[in-house]
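Chemist: Predicted structure and sequence below. I'll ask about it afterward.
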Amino acid sequence: MNPFALTMFILSLAIGTTITLSSHHWLLAWVGLEINTLALIPIMTKNPHPRTIEAATKYFLTQATASALVLFSTLSNAWQTGEWSTTFISGPPAIALAIALMTKLGLAPMHFWMPEVLQGIPLPSGLILSTWQKIAPMALLLQTSHLINLELVITIGLISTLIGGWGGINQTQLRKIMAFSSIAHLGWMIIIIKLNPQLTLLNFILYLTMTMAMFMTLLTTNTTTMLELPKTYTKIPTLTPIVMLTLLSLAGLPPLTGFTPKLLITLELVKQNVTTLAALMMLMSLLALFFYLRLTYILTLTMSPNTSNSPSVWYQMTKINPLTAPANTIALLIFPMSPTLLLMM
């Protein structure tokens with residue numbers, strides 16, 4: 001792709017998200033979401049391939065449907081109340097808007113597009129889809145969290161955590177595993193958004209950090225399947241234990257960063273006298289733990305039966321993305337800073 005065109009599309013992504021984050025009018029928020037969607041599609045199809053075109057088409061149709069629902073729900077709200085403010089929406093339009101934003105995020109049961117789209121696009125586009133593209137819809141959900149139906153968010157959160165863990169168990173493609181990982185993490189965020197939006201925001205920031213670190217690692221080693229994971233040690237030996245810890249952090253094991261949101265959300269649910277819900281969430285997170293542990297086992301305790309075609313890549317430092325090490329370091333060492341982060345929220 002022409003560098004100028006690529007720069008324009010990336011700038012459009014930034015502008016679309018900024019418009020949504022800074023808007024106080026539902027129409028402007030919708031415009032920002034649309035700019036975001038239309039800017040990512042050319043980036044997805046940068047390298048034309050039938051699977052990439054299919055993934056981009058699925059993404060466009062899903063996002064267009066969700067955007068139409070956002071527009072119709074806000075129009076209905078304006079017709080009933082005369083209000084266009086992003087902090088005010090009530091009645092059935094509020095439920096429709098929440099479902100539309102959850103569809104954009106890829107929450108279950110509106111998640112079917114997410115694994116297929118992520119599998120069909122290159123890793124750089126997958127990184128943008130899993131991190132940056134979730135900022136605008138999540139910001140709108142946080143702004144309207146006090147208006148969302150509690151039963152709806154609990155149901156969606158439970159289903160997302162269950163499907164995110166269960167769906168990832170039988171996968172061998174790393175991008176699909178990251179898609180189901182995203183669904184499970186979003187389930188934890190949504191379950192608490194009504195009771196404590198600050199915890200949702202903290203969880204979202206930590207999710208972005210850990211997911212970015214994992215995708216940067218996959219980009220560095222050019223790994224897309226489980227079979228290629230054991231070759232990581234041959235390519236970059238020092239990165240292997242860091243990838244293992246990043247995966248365990250995504251799984252939520254202490255004392256790594258991913259344990260922070262699970263601990264705080266569980267404590268908050270217990271404090272709100274919904275201990276059964278907290279127990280169900282923890283039980284369903286064990287499903288996701290299984291496939292994360294399987295990845296760490298394949299990565300560290302098995303070796304590829306074939307000789308790698310690139311046995312000496314590890315000393316060619318130009319091939320290593322300079323952001324990989326800082327991203328992984330941040331993704332692993334935030335847990336001791338949890339009290340400070342909570343005070344900042």
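Modeler: All right, it came through fine. Numbers count the residues shown, from 1 in each chain.
Chemist: buried stuff in stretch 253-265?
Modeler: Residues 253, 256-262, 264-265 are the ones in stretch 253-265 that count as buried (16 or more other C-beta atoms under 10 Å). For glycine as for every other residue, the C-beta is placed from the backbone atoms N, C-alpha and C.
Chemist: now these in a markdown table, with distance to residue 188?
Modeler: Listed next are the buried residues of stretch 253-265 as a markdown table, based on distance: C-beta to C-beta, whole Å:
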| residue | distance to residue 188 |
| --- | --- |
| 253 | 15 |
| 256 | 15 |
| 257 | 14 |
| 258 | 10 |
| 259 | 12 |
| 260 | 11 |
| 261 | 6 |
| 262 | 7 |
| 264 | 10 |
| 265 | 6 |
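Chemist: and residue 136, what does it touch?
Modeler: With contact set as C-beta atoms under 8 Å, 6 or more residues apart in numbering, residue 136 has these partners: 16-17, 20-21, 32-33, 36.
Chemist: Tabulate these in a markdown table, adding columns for secondary structure and neighbour count.
Modeler: As requested, the contacts of residue 136 are exported to a markdown table (DSSP: H, G, I helix; E, B strand; the rest coil; neighbours: other C-beta atoms under 10 Å):
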| residue | secondary structure | neighbour count |
| --- | --- | --- |
| 16 | helix | 24 |
| 17 | helix | 21 |
| 20 | helix | 24 |
| 21 | helix | 14 |
| 32 | helix | 22 |
| 33 | helix | 27 |
| 36 | helix | 26 |
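Chemist: correct me, but residue 145 touches residue 196?
Modeler: No. Counting by C-beta atoms under 8 Å, residue 145 does not reach residue 196; the two are 9.2 Å apart.
Chemist: avg pLDDT for the strand or helix carrying residue 66?
Modeler: Assigned by DSSP states H and E, residue 66 falls within helix 50-81. Mean pLDDT, helix 50-81: 95.
Chemist: again, but for stretch 281-294
Modeler: According to the model, stretch 281-294 has a mean pLDDT of 93.
Chemist: Could you export it as PDB, CA atoms only?
Modeler: Output in PDB follows, covering the C-alpha atoms of stretch 281-294 (Å, rounded to 0.1, in the frame of the first residue of the first chain):
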ATOM      1  CA  MET A 281     -17.200 -16.100  36.900                       C
ATOM      2  CA  MET A 282     -14.200 -17.700  38.500                       C
ATOM      3  CA  LEU A 283     -15.300 -21.200  37.500                       C
ATOM      4  CA  MET A 284     -15.800 -20.100  33.900                       C
ATOM      5  CA  SER A 285     -12.400 -18.400  33.800                       C
ATOM      6  CA  LEU A 286     -10.800 -21.900  34.400                       C
ATOM      7  CA  LEU A 287     -11.900 -22.800  30.800                       C
ATOM      8  CA  ALA A 288      -9.700 -19.900  29.500                       C
ATOM      9  CA  LEU A 289      -6.900 -20.900  31.800                       C
ATOM     10  CA  PHE A 290      -6.800 -24.400  30.200                       C
ATOM     11  CA  PHE A 291      -5.900 -23.100  26.700                       C
ATOM     12  CA  TYR A 292      -3.500 -20.600  28.000                       C
ATOM     13  CA  LEU A 293      -1.700 -23.300  29.900                       C
ATOM     14  CA  ARG A 294      -1.700 -25.500  26.800                       C
END
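Chemist: For the stretch 51-200 of the chain, just list every one of the helices.
Modeler: 92-105, 113-120, 123-130, 135-143, 150-169, 174-192, 197-221 (DSSP state H, counting those that start in this stretch).
Chemist: Could you say which one of those helices comes nearest to residue 238?
Modeler: Residue 238 lies closest to helix 197-221 among the helices of the stretch 51-200 of the chain, at 11.3 Å (C-beta to C-beta).
Chemist: Any buried residues in that closest one, and which?
Modeler: Buried positions in helix 197-221, judged by neighbour count with 16+ other C-beta under 10 Å: 197, 199-204, 206-221.
Chemist: Distance check, residue 117 against residue 38.
Modeler: Per C-beta to C-beta, to the nearest Å, residue 117 is found 15 Å from residue 38.
Chemist: Pick out whichever of the two has more residues nearby.
Modeler: The residue with more neighbours, out of residue 117 and residue 38, is residue 117; 26 against 16, by other C-beta atoms under 10 Å.
Chemist: Residue 256: what secondary structure?
Modeler: coil (DSSP: H, G, I helix; E, B strand; the rest coil).
Chemist: was I right about it contacting residue 338?
Modeler: No. Contact criterion C-beta under 8 Å: residue 256 and residue 338 do not qualify, at 11.5 Å.
Chemist: Any figure for the gap between residue 144 and residue 191?
Modeler: The value you get for residue 144 to residue 191, if C-beta to C-beta is used, is 16 Å.
Chemist: contact partners of stretch 69-84?
Modeler: Stretch 69-84 has contacts (C-beta under 8 Å, 6+ apart) with 25-27, 29-30, 33, 88-94, 96-97, 99-101, 103.
Chemist: Give me the buried subset of those residues.
Modeler: 26, 29-30, 33, 89, 93-94, 96-97, 99-101, 103.
Chemist: Redo the contacts of residue 136 as CSV? Include pLDDT.
Modeler: Formatted as CSV, those follow (pLDDT from 0 to 100):
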residue, pLDDT
16, 96
17, 96
20, 95
21, 94
32, 96
33, 96
36, 95
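Chemist: Okay then, goodbye and thanks.
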